[in-house]
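A.B. asks: Here is my input, please return the structure:
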Amino acid sequence: MTSLVGTRILLRFNLRRDRLMIPVWVAVNTLMVLSMPNTLKTLYGTPAERADLIHQVATNASFRALIGPVFDDSVGALTAWRVGVYAGVLAAVTSLLVVVRHTRDEEESGRQELISSGAVGRRASLTAALLAAAVANAVLALLVVAGLAGQGAVGALAFGLGLAAVGMVFATAAAIVAQLTESARLARGLTAGVLGAAFVLRAAGDSATTDGSSVWTWLSPLGWLENLRAYAGERWWVLALFAAAIALQAAVAYGLAGRRDIGMSFLPTRPGPSVGRLGTAGALAWRLQRGSVLGWSLAFFVVGVVYGGLTDGVADIVGDNESARRIFERMGGQSALTNAFLAAMVGMMGLVAALYVVGSVLRLYGEETSGRAEPVLANPVGRLRWATGHLVIAFGGSVLLMLVTGLGFVVGYGKEAGPILGACLVQLPAVWVIGGLAVLLYGVLPRAATAAWGVAGAVLLIGWVGPALDAPQAVLDLSPFGHLPKLPGGGMEWGPVLVLLALAVVLVAAGLAGLRRRDLTT
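C.D. replies: Predicted structure coming up:
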């Protein structure tokens, strides 16, 4: 078919461009899944402990909303329950980022027009983008199947296929949105909004029933993943739902792609604001990133409410399980279980906030490589002033995220706000160190700027999985979050906080100095 001419070459080019991003995201997802069986064996090693866990999940609607229902007491089934929803979300995020990057991003930057001037079919770019996402999901599925085969090959196959299917559902959804919008930023935001709606639908359904049978659960692809029931009497027919959704969405995307010109969109672009409202570099940065800031803030508030609602019941969930208690104590740094749980969950939100900061900082790299920064800098706007506008949004936005997280915890937990808000704000120095590393890479080694995602992913793994695997303290100390005081409940230690603040300042200053002296990337 002439419309697919050049697909193979474009696929190779896409995979070469994503040679860092795809392996990092897939590795983080795989390690999160494969670390769980040994952890669960340690936490719930006896049938009585597993039966007690299932009972607690069945009687706690908030816990089901957060993770989902349990269908069996085997280690494989508990693994699919514990990480299934979040592994599916990570697969979806990876897929939507890959597809939008190689479709709407290319059109917005003008590169697609150059590519299409050669011997390239009309739908080759879209096909290559979807195939790149398929490669990422296939690798994830293979690694998960191989890693979980020891718990049962059939269940491992079902779980691996389910994760890959979730990823492809959102890959094709992103392909549709990329045809509708004229902005890659809006395409990512709208697809992420669809993913958020899928999570909320599943959470609402699971909180209402104990077996995943709610209509709301079945309206969500994440609900399909849990109802595939890996290791719990697999429902293979659920894969047909995934296949139908993928085929239908892909058909819609291909149909839309054939009906529009390159660079155009089906949703009209609203006129921009008056010049007065975009008269400064900071105003422009806010205009570009406000959707991201508001979306992240809403998500952090909702998660804070959910975690806060779980706090009173954490003692019942943990029960007499000393292994689970030790993990919370290690993450939270104290023996009082409620405070340890709060400190651990606040720390997890700080780890996720680091991802926001990295993405916001790297918006500078996207503006530069797309050519949009050059017209701005051609005016009386210096590089430092331009960069500072975006960095204020990045670092100031992280303050907002942690504040709304604290408010969410207060709403869900119903206790005094001061200690919880303080615990949230104390995460900021570590968040800013990760952001400072991103600024340093962008300013000094712009071609390696995306390696900041690898740093953030490694820190996330250390903080999330390290305590559960009983990693040595030396490993935990590799993360800046490992040096923060454990609040609420613990004592405030200003020394590590001030050191991390100073380190963040040095990293940002070095990055800005490098940006000021180097040539712009083309």
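
A.B. asks: can you pull the pLDDT of Val497?
C.D. replies: pLDDT recorded at Val497 is 90.

A.B. asks: now do the one 3 residues further on
C.D. replies: With respect to pLDDT, Leu500 has a value of 94.

A.B. asks: residue contacts, Thr311?
C.D. replies: Thr338, Phe341, Leu342, Phe409, Gly412, Tyr413 (C-beta atoms under 8 Å, 6 or more residues apart in numbering). Any C-beta I mention is one placed from the backbone N, CA and C, and that applies to glycine too.

A.B. asks: farthest-separated two in these?
C.D. replies: Thr338 and Gly412 (13.1 Å; C-beta to C-beta).

A.B. asks: Which one's more surrounded, those two?
C.D. replies: Using other C-beta atoms under 10 Å, the more surrounded residue of Thr338 and Gly412 is Gly412, with 21 against 18.

A.B. asks: What separation do you get for that one and Gly422?
C.D. replies: Computed as C-beta to C-beta, to the nearest Å, the Gly412 to Gly422 distance reads 17 Å.

A.B. asks: repeat for Phe481
C.D. replies: 16 Å.

A.B. asks: now swap in Ile393 and tell me
C.D. replies: Ile393 sits 24 Å away from Gly422, going by C-beta to C-beta.

A.B. asks: Who has more neighbours out of these two?
C.D. replies: Taking neighbours as other C-beta under 10 Å, Ile393 and Gly422 compare with Ile393 leading, 23 against 15.

A.B. asks: how near is that one to Phe63?
C.D. replies: Counting by C-beta to C-beta, the gap from Ile393 to Phe63 is 35 Å.

A.B. asks: host element of Ala340?
C.D. replies: helix 337-361 (DSSP states H and E).

A.B. asks: average model confidence for that helix?
C.D. replies: 83.

A.B. asks: which strands and helices sit next to it?
C.D. replies: helix 281-311, helix 314-318, helix 322-332, helix 383-413, helix 417-425, helix 428-444, helix 451-465 (3 or more C-beta pairs under 8 Å, 6 or more residues apart in numbering; DSSP states H and E).

A.B. asks: per-stretch mean pLDDT over those helices, give me the minimum one.
C.D. replies: Taking the mean pLDDT of these, helix 322-332 comes last: a mean of 54.

A.B. asks: List the contacts of the closest residue to Val194 other than its chain neighbours.
C.D. replies: Of all residues not flanking Val194 in the chain, Ala173 sits nearest, at 5.7 Å (C-beta to C-beta, 6 or more residues apart in numbering). Ala173 makes contact with Leu96, Thr191, Val194, Gln249, according to C-beta under 8 Å, 6+ apart.

A.B. asks: If we use 10 Å, what do you get?
C.D. replies: Applying C-beta atoms under 10 Å, 6 or more residues apart in numbering to Ala173 gives the contacts 92, 95-96, 99, 190-191, 194-195, 198, 221, 245-246, 249-250, 252-253.

A.B. asks: So which bits of the helix or strand where it lies are buried?
C.D. replies: Applying DSSP H and E as the criterion places Ala173 in helix 153-180. For helix 153-180, a neighbour-count test (16 or more other C-beta atoms under 10 Å) marks 155-180 as buried.

A.B. asks: any idea which helix or strand comes after that helix?
C.D. replies: Note on helix 153-180: by DSSP H and E, the next helix or strand toward the C-terminus is helix 184-208.

A.B. asks: how far does that next one sit from the chain's center?
C.D. replies: Relative to its chain's centre, helix 184-208 lies at 12 Å (C-alpha atoms, centre = their mean, to the nearest Å).

A.B. asks: now the angle from that helix to helix 337-361?
C.D. replies: Going by axes from the mean of the first three to the mean of the last three C-alpha atoms, to 10 degrees, helix 184-208 is angled at 160 degrees with respect to helix 337-361.

A.B. asks: between helix 184-208 and helix 153-180, how big is the angle?
C.D. replies: With the same axes, to 10 degrees defining the directions, helix 184-208 sits at 140 degrees from helix 153-180.

A.B. asks: May I see the buried residues of helix 184-208?
C.D. replies: 184-192, 194-195, 198-199, 201-207.

A.B. asks: Hey, what's the angle from it to helix 281-311? Just curious.
C.D. replies: 10 degrees.

A.B. asks: Let me know the next secondary structure element after helix 184-208.
C.D. replies: Scanning forward in sequence from helix 184-208 by DSSP H and E, the next helix or strand is helix 215-218.

A.B. asks: what about that next one, average pLDDT?
C.D. replies: pLDDT averaged over helix 215-218 gives 91.

A.B. asks: Toward the C-terminus, what is the element adjacent to that helix?
C.D. replies: Note on helix 215-218: by DSSP H and E, the next helix or strand toward the C-terminus is helix 221-227.

A.B. asks: so where's the stretch 151-300 of the chain shaky on pLDDT?
C.D. replies: Low-confidence segments of the stretch 151-300 of the chain, defined by pLDDT under 70: 261-279.

A.B. asks: Just name the closest of the contacts of Thr311 to Val381, please.
C.D. replies: Using C-beta to C-beta, those come closest to Val381 at Phe409, 40.0 Å.

A.B. asks: how long is stretch 439-452 from one end to the other?
C.D. replies: 9 Å (C-alpha to C-alpha, to the nearest Å).

A.B. asks: What residues sit buried inside that stretch?
C.D. replies: For stretch 439-452, the neighbour count (16+ other C-beta under 10 Å) marks Val439, Leu440, Leu441, Tyr442, Gly443, Val444, Pro446, Ala449, Thr450, Ala451, Ala452 as buried.

A.B. asks: With stretch 498-507 instead?
C.D. replies: Within stretch 498-507, the residues that count as buried by 16+ other C-beta under 10 Å are Leu500, Leu501, Leu503, Ala504, Leu507.

A.B. asks: Quick check: the gap between the first one and Gly482.
C.D. replies: Going from Leu500 to Gly482 by C-beta to C-beta gives 11 Å.

A.B. asks: Touching both of the two, which residues are there?
C.D. replies: Ala430.

A.B. asks: what about the helices in the stretch 1-150 of the chain?
C.D. replies: For the stretch 1-150 of the chain, helices defined by DSSP state H, counting those that start in this stretch occupy the ranges 7-17, 21-34, 36-43, 47-58, 61-67, 75-102, 104-109, 111-116, 124-148.
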